[in-house]
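Asks: no sequence for this one, just the structure:
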């Protein structure tokens, strides 16, 4: 990666998140039009983020939830049947 | 802090009042609403399902004992996630094990953050997904993150908290949250590239030696 690529590196998460200052954004896009390496880094960074957003979350396992309710001495059914106003 | 809508602020105020009054359905609602994020934060911090479950239990036990003193200076979620994060940190300290993997060369110095793997694999994961391996790949890469990056990464990119709320939960500045998130993403990108690139380390093992192409 060139010195110019390294200069842009710190901004790439903000760029991917759409939170980068428009001037810097335009600068990065000008650079990427000429730099295949940076295009790859941005594309794979964006894909990395989207994979974790889509598949990273795990539901609390049902048995773990049951044990949590037991520890907290909740009557889960009663709580569910009597929703708070 | 993000501005919450009037409705959600009212709901929050009602929930706090009900909790302080000892309303069991309010306690249950708190658990239903916040246990997913607490569990995921604990799971990514501990990399151990059993310990994540224990952190989840500890968090609510502590919170319920302390709810009478909750002053509402932060959102209930922020308060709970901070309790969970501190509980996870205490456990990590007790483990007294090296806190970062010995094959973790990426975060040691600023210079190490420079991307080494420059192969475009963005079209590949869907194929891998069909084999059912993707989640394991993502988990292994995230498990290799240093502790200092795990909380930020989980709250921002997995649980979708704002930068401001993440900063409040973890006791960091917003700038620090952004820096840590960026470092986490670069490290994960590097590891996923190792996996998703045919010539990647070990032909698909995450966490092996890095095969630089630069």
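Replies: Alright, I've got the coordinates. Remember, predicted model here, so these are calculated numbers, not experimental data.

Asks: how about low-confidence regions in the chain?
Replies: Assuming you mean chain A. A:75-85 (pLDDT under 70).

Asks: looking at chain B here, not the other one
Replies: B:1-7, B:10, B:96-112, B:130, B:198-214.

Asks: Who's the closest spatial neighbour of residue B:83, skipping the chain neighbours?
Replies: Computed as C-beta to C-beta, 6 or more residues apart in numbering or on different chains, the closest residue to residue B:83 that is not its neighbour in sequence is residue B:59, at 5.0 Å. The C-beta positions use only the backbone N, C-alpha and C, and glycine is treated the same way.

Asks: for the one you found, what are its contacts?
Replies: B:38, B:42, B:80, B:83-84, B:87 (C-beta atoms under 8 Å, 6 or more residues apart in numbering or on different chains).

Asks: and residue 11, how many neighbours does it have?
Replies: Chain wasn't specified; assuming chain A. 17 (other C-beta atoms under 10 Å in any protein chain shown).

Asks: nope, chain B please
Replies: By other C-beta under 10 Å, the burial measure for residue B:11, its neighbour count, is 15.

Asks: Just the element for it, please.
Replies: helix B:6-20 (DSSP states H and E).

Asks: Tell me which helix or strand comes right after that helix.
Replies: helix B:24-46.

Asks: and that next one, anywhere near chain A?
Replies: Yes: under the criterion of C-beta under 8 Å from any C-beta of the partner chain, helix B:24-46 makes contact with chain A via B:24-29, B:31, B:35-36, B:39-40, B:43.

Asks: Drop anything exposed from these.
Replies: B:24-29, B:31, B:35-36, B:39-40, B:43 (16 or more other C-beta atoms under 10 Å in any protein chain shown).

Asks: Closest residue of chain B to chain A?
Replies: residue B:28 (3.4 Å; C-beta to the nearest C-beta).

Asks: shouldn't that residue be in contact with residue A:68?
Replies: No: judged on C-beta atoms under 8 Å, residue B:28 makes no contact with residue A:68 at a distance of 10.7 Å.

Asks: Residues contacting the helix ranked longest in chain A, please?
Replies: When chain A is parsed with DSSP state H, its longest helix is helix A:36-55. With contacts defined as C-beta under 8 Å, 6+ apart, helix A:36-55 is touched by A:1, A:5, A:8-9, A:12-13, A:15-16, A:28, A:31-32, B:115, B:118-122, B:125, B:134-135, B:138, B:142, B:153, B:157-158, B:160, B:185-186, B:188-189, B:192-193.

Asks: leaving aside the residues next to it on the chain, what's closest to the residue nearest the centre of chain B?
Replies: With distances taken as C-alpha atoms, centre = their mean, residue B:154 lies nearest the centre of chain B, 2.1 Å away. Distance criterion C-beta to C-beta, 6+ apart; nearest residue to residue B:154, sequence neighbours excluded, is residue B:44 at 4.2 Å.

Asks: The one you found contacts residue B:157, doesn't it?
Replies: No: Residue B:44 is beyond contact range of residue B:157, at 10.2 Å (criterion: C-beta under 8 Å).

Asks: So residue B:134 versus residue B:69, what's the distance?
Replies: Distance of residue B:134 to residue B:69, computed by C-beta to C-beta, to the nearest Å: 44 Å.

Asks: what's the answer for residue B:147, then?
Replies: Residue B:147 is 29 Å from residue B:69, by C-beta to C-beta.

Asks: Kindly report the same for residue B:30.
Replies: If you measure residue B:30 against residue B:69 using C-beta to C-beta, the figure is 15 Å.

Asks: Tell me which of those two has more neighbours.
Replies: Shown here are residue B:30 and residue B:69; by other C-beta under 10 Å, residue B:30 has more neighbours (21 against 7).

Asks: Could you pull up the contacting residues of that one?
Replies: B:15, B:19, B:60, B:63, B:76, B:80.
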